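Participant: Test case, fold it:
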Amino acid sequence: MLLIDEEKLVEQAKHDPAAFVQLYEKYYDLILNYALRRTGNVETALDITAETFFKALKNIRSFRWRNISFSAWLYKIASNEINGYFRKGFYRVVSLDDLREKGFQPVSPRELEEELLAAQEALQKQQAFLLCREKISQLPLKYQEVIALRFFAGKQLKEIVEITGKPEGTVKSLLHRGIEKLKKILLADPNSATFFQEQHYKG
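Facilitator: Sure thing, here's the model as predicted:
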């Protein structure tokens, strides 16, 4: 989807919830994968993803293209939900019923059981990642967020700036300090560094 087409679609979705379906289908898997890698919990990741799109639909009329792209806006909402989850230690159950009450009907509704199994299988195949994620979770949230966006979501510096709303210099500093802190943690368990070492930090 071209950016100009997406912009038109977002504007349409402000008045027609049915138009939101295409945006949902395009970004659902990306947001779910990000939430899954951040939390390491399938059910929580699904709830956070549903809440992310619920809040996006609810607040889409306030979205403006001037300072942030639509995808960055979704990641920003998801990051806020994830950070809230870590601070509280729990996440309330959310379902797509909330979205449907707002007039949003997915074209191809996902079966929760199948989705859970697929996500769980994908997670279990990434043992090296799971070990590394455990170490990252020991960092303060401000470092977890930028490292996850950079290495888990594959975002470049400019995109992380958009998503977090932090100045470029701050993001660079958080990445540098976070990686240094993570390296120290990984020294105690070299096997958990496999996933991280295969990534390439380009700043």
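
Participant: burial measure for the closest residue to Pro167 other than its chain neighbours, as a count.
Facilitator: Leaving aside its chain neighbours, Pro167 sits nearest to Val161 (7.3 Å; criterion: Cβ to Cβ, 6 or more residues apart in numbering). To be clear about C-beta, it is placed using only N, CA and C from the backbone, and glycine gets the same treatment. Neighbourhood size, Val161 [other Cβ atoms under 10 Å]: 20.

Participant: tell me which element Val161 falls in.
Facilitator: Taking DSSP states H and E as the definition, one finds Val161 inside helix 157-164.

Participant: domain ranges for this structure?
Facilitator: Under the assignment automatic domain parsing, the domains of the chain span 1-125, 127-203.

Participant: Lowest average pLDDT across the ones you listed?
Facilitator: Among the domains of the chain, domain 1-125 carries the lowest mean pLDDT, a mean of 77.

Participant: Can you list the buried residues in the helix holding Val161?
Facilitator: Neighbour-count burial for helix 157-164, counted by 16 or more other Cβ atoms under 10 Å, picks out Leu157, Glu159, Ile160, Val161, Glu162, Ile163, Thr164.

Participant: how many degrees apart are whichever helix or strand comes after it and helix 157-164 in direction?
Facilitator: Once helix 157-164 ends, the next helix or strand along the chain (criterion: DSSP H and E) is helix 168-186. Interaxial angle, helix 168-186 versus helix 157-164 (axes from the mean of the first three to the mean of the last three Cα atoms, to 10 degrees): 100 degrees.

Participant: who are the neighbours of helix 168-186, in terms of helices and strands?
Facilitator: When contacts are defined as 3 or more Cβ pairs under 8 Å, 6 or more residues apart in numbering; DSSP states H and E, helix 168-186 sits against helix 127-136, helix 141-147, helix 157-164.

Participant: Now render the ones you listed as a markdown table, adding distance to Lys88.
Facilitator: As requested, the helices and strands packed on helix 168-186 are arranged in a markdown table below (distance: least, Cβ to Cβ, whole Å):
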| stretch | distance to Lys88 |
| --- | --- |
| helix 127-136 | 19 |
| helix 141-147 | 12 |
| helix 157-164 | 20 |
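
Participant: just to revisit the earlier point, quick check, nearest of the buried residues of helix 157-164 to Glu7?
Facilitator: Glu162 (15.4 Å; Cβ to Cβ).

Participant: close enough to count as contact, Ile82 and Thr39?
Facilitator: Yes: look at Ile82 against Thr39 with Cβ atoms under 8 Å: they come within range, at 6.5 Å.

Participant: tell me, what's touching these two both at once?
Facilitator: Shared contacts of Ile82 and Thr39 (Cβ atoms under 8 Å, 6 or more residues apart in numbering): Ile48.

Participant: More neighbours: which of the two?
Facilitator: Neighbour totals were compared for Ile82 and Thr39, and Ile82 leads with 24 against 21 (other Cβ under 10 Å).
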